[in-house]
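*Asks:* how would this look folded up:
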Amino acid sequence: MADPRGSSPDDLACIDLVNKVTEYLDGKLDEGQRERIERHLEVCDGCRAALDQFQTVIRLVGRLTPADVARIDALTRDRLMAMLRVARRR
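*Replies:* Numbers count the residues shown, from 1 in each chain. Just a heads-up that it's a prediction; the model follows:
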């Protein structure tokens, strides 16, 4: 996490980055928001690690074929889809 002792009113909280990570990765943030996230990432090891994890998941999921998805048991697939729907609503 970023050092709270050196924070300014313009600093981004870690939870704010987490809430915006999908939009950041999709390039849907305005320049000011993107710059705030990038400044935060420069000083926050935890958020850099979280961003790396998001990027890894995206890269790995992108490699799945329809056959791979068909082999996932129905309960696991339904839970994953429900989690993704909730995350998209935020």
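
*Asks:* Quick one: neighbours of residue 25, just the number.
*Replies:* Number of residues near residue 25 (other CB atoms under 10 Å) recorded here: 13. Every residue, glycine included, has its C-beta placed from N, CA and C.

*Asks:* Can you get me a residue count around residue 43?
*Replies:* Residue 43, neighbours per other CB under 10 Å, totals 15.

*Asks:* My error: substitute residue 34 in the last question.
*Replies:* The number of residues packed near residue 34 is 15, by other CB under 10 Å.

*Asks:* for it, what are its contacts?
*Replies:* The contact partners of residue 34, taken as CB atoms under 8 Å, 6 or more residues apart in numbering, are residue 24.

*Asks:* Give the helix, strand or coil label for it.
*Replies:* What DSSP: H, G, I helix; E, B strand; the rest coil gives for residue 34 is helix.

*Asks:* Would you quantify the distance from it to residue 44?
*Replies:* Look at residue 34 and residue 44: by CB to CB, to the nearest Å, they are 15 Å apart.

*Asks:* Repeat that for residue 21.
*Replies:* Separation of residue 21 from residue 44 (CB to CB): 12 Å.

*Asks:* now do residue 24
*Replies:* Taking CB to CB, one finds residue 24 at 14 Å from residue 44.

*Asks:* Find residues that contact each of those two.
*Replies:* Contact criterion CB under 8 Å, 6+ apart; residues shared by residue 24 and residue 44: residue 17.

*Asks:* What ranges in this protein fall below the confidence cut-off?
*Replies:* Applying pLDDT under 70 to the chain flags residues 1-11, 84-90.

*Asks:* where does the spatially most central residue of the chain land in three-state SS?
*Replies:* When the chain is reduced to its mean C-alpha position, the closest residue under CA atoms, centre = their mean turns out to be residue 21, at 3.7 Å. Recorded secondary structure, residue 21: helix (three-state DSSP).
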